[in-house]
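Undergrad: Using only what follows, build the 3D model:
(3 chains)
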Amino acid sequence: MPELPEVEVTRRSFASQIEGAKILGVTMGKPLRWPLGCEPQSLVGAQVQQVRRRGKYLLIDLDQGMLMVHLGMSGSLRFAPVLPLLGAHDHFEMHTDKGLLRLNDPRRFGAVIATQGEQDPVARKLLDGLGMEPLDTQQFSWKRFSEGLKASRSPIKPLLLSGKLVVGVGNIYASEVLFASRIAPTLAANMISAVKARRLFDAIRAILALAVERGGTTLRDFSNADGMPGHFQLQAKVYGRDGLPCVHCGQPIALLRQGQRSTFYCPRCQKA
DNA sequence: CGTGGCTCCTGTTAGC
DNA sequence: TGCTAACAGGAGCCAC
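TA: Below you'll find the model as predicted:
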């Protein structure tokens, strides 16, 4: 469900509300991808300082330590003064003096991890090696991006998904940005022309920024921490549209598998 | 080291 | 209608 825009929209929807909150209690449901890493009770008394994001991780800074939250494939956060009774898929809840923060995650690929901070070995293992932040104009530079492409012989679609060059581009947006820049998903990164690489660089920034601005994509059931669905009907131009006519040329959209993930593209518009 | 395949888990949908 | 299999927005891990 959540790619960078959805994670960022979630962050913005509760960050300022939870700032300064004191933790009063923590409840865990079924196991998530990783254990919390500490006794839930040991978090009681800590104070939330700010909520940041790195890639698809939400980083909740505490006066002592840092919570890392990942939404995995099916996770969503809610933050509110009062919430309904815990449901079968609510696996983490943090009670604070400003409200309840709750993670609902049916598939449990998500995680909440308590660390000592960004230098904690557990945090470093997950954060080190992440690529550039595409919405950070300082960090996401054309120079580094084009050099990164030249350094890899991987097909471009799985490279985008890997997060090693640029973070936050998930399976939907990967297909969409490649369609927008008219690049075949199977093309080796180092074989992409400068013109196409520049289009891809621009498309990643533009499409992700627009998605954030519009409140994220609600393909199935995304909603932010206020419970509001996204309004970015990304009118996915290729994702999920196999067999349907390309919005640009009318040719049927094709579907292929790359690394166990579906890729959608137009065989005519996106030639190598 | 880079790359590709497998894996975790549950819910929904496509196909017979 | 009902069962079964395939597939789903992520990404770490392990074997080549």
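Undergrad: so where is the stretch 151-272 of chain A shaky, pLDDT-wise?
TA: A:218-223, A:225, A:227-234 (pLDDT under 70).
Undergrad: And the next helix or strand past the helix or strand where A:Ile204 lies?
TA: Element membership for A:Ile204, per DSSP states H and E: helix A:194-213. Note on helix A:194-213: by DSSP H and E, the next helix or strand toward the C-terminus is strand A:254-258.
Undergrad: May I have that following strand as CSV, with CA atoms only?
TA: The C-alpha atoms that make up strand A:254-258 are tabulated as CSV, following Å, rounded to 0.1, in the frame of the first residue of the first chain:
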residue,chain,number,x,y,z
ALA,A,254,1.6,-5.1,-21.4
LEU,A,255,2.3,-6.9,-18.1
LEU,A,256,5.6,-8.6,-17.2
ARG,A,257,7.2,-10.0,-14.1
GLN,A,258,10.5,-8.6,-12.8
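Undergrad: which residues are in contact with it?
TA: Residues outside strand A:254-258 that contact it (C-beta atoms under 8 Å, 6 or more residues apart in numbering) are A:155, A:157-158, A:185-186, A:242-243, A:262-267. (C-beta placed from N, C-alpha, C; glycine too.)
Undergrad: who touches the residue in the stretch 151-272 of chain A positioned nearest to DNA strand B in this structure?
TA: Nearest residue of the stretch 151-272 of chain A to DNA strand B: A:Ser154, at 3.6 Å (C-beta to the nearest atom of the strand). Taking C-beta under 8 Å, 6+ apart as the criterion, A:Ser154 is in contact with A:162, A:188-189.
Undergrad: would you turn those residues into CSV with neighbour count, secondary structure and distance to A:Leu62?
TA: As requested, those are exported to CSV (neighbours: other C-beta atoms under 10 Å; DSSP: H, G, I helix; E, B strand; the rest coil; distance: C-beta to C-beta, whole Å):
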residue, neighbour count, secondary structure, distance to A:Leu62
A:Ser162, 15, helix, 30
A:Ala188, 15, strand, 44
A:Ala189, 22, helix, 39
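Undergrad: quick one, strands of chain A?
TA: A:23-28, A:48-54, A:57-62, A:66-70, A:76-80, A:90-96, A:99-104, A:111-115, A:254-258, A:261-265 (DSSP state E).
Undergrad: Can you say which of those is nearest to DNA strand B?
TA: strand A:254-258 (7.5 Å).
Undergrad: ok, back up a step: next, see if the helix holding A:Ile204 gets close to DNA strand C.
TA: No - applying C-beta under 7 Å from any atom of the strand, one finds helix A:194-213 separated from DNA strand C by no less than 10.6 Å.
Undergrad: cool, and stretch A:44-52?
TA: No - residues of stretch A:44-52 are not located near DNA strand C by C-beta under 7 Å from any atom of the strand, the shortest gap being 15.0 Å.
Undergrad: Endpoints of that stretch, how far apart?
TA: 21 Å (C-alpha to C-alpha, to the nearest Å).
Undergrad: Could you pull up the mean pLDDT of it?
TA: What stretch A:44-52 shows for mean pLDDT is 98.
Undergrad: Flag every buried residue along that stretch.
TA: Neighbour-count burial for stretch A:44-52, counted by 16 or more other C-beta atoms under 10 Å, picks out A:46, A:48-49, A:51.
Undergrad: How about stretch A:47-66?
TA: Residues A:48-49, A:51, A:53-62, A:65-66 are the ones in stretch A:47-66 that count as buried (16+ other C-beta under 10 Å).
Undergrad: which among these gets closest to A:Glu19?
TA: A:Val48 (6.1 Å; C-beta to C-beta).
Undergrad: Quick check: closest non-adjacent residue to the closest one.
TA: Sequence neighbours aside, A:Ala21 is the residue nearest to A:Val48 in space, at 4.7 Å (criterion: C-beta to C-beta, 6 or more residues apart in numbering).
Undergrad: That neighbour: neighbour count?
TA: 20 (other C-beta atoms under 10 Å).
Undergrad: contacting residues around it?
TA: A:47-48, A:96-99.
Undergrad: is any part of stretch A:8-28 close to DNA strand B?
TA: No - under the criterion of C-beta under 7 Å from any atom of the strand, DNA strand B is not reached by stretch A:8-28; the shortest gap measures 14.6 Å.
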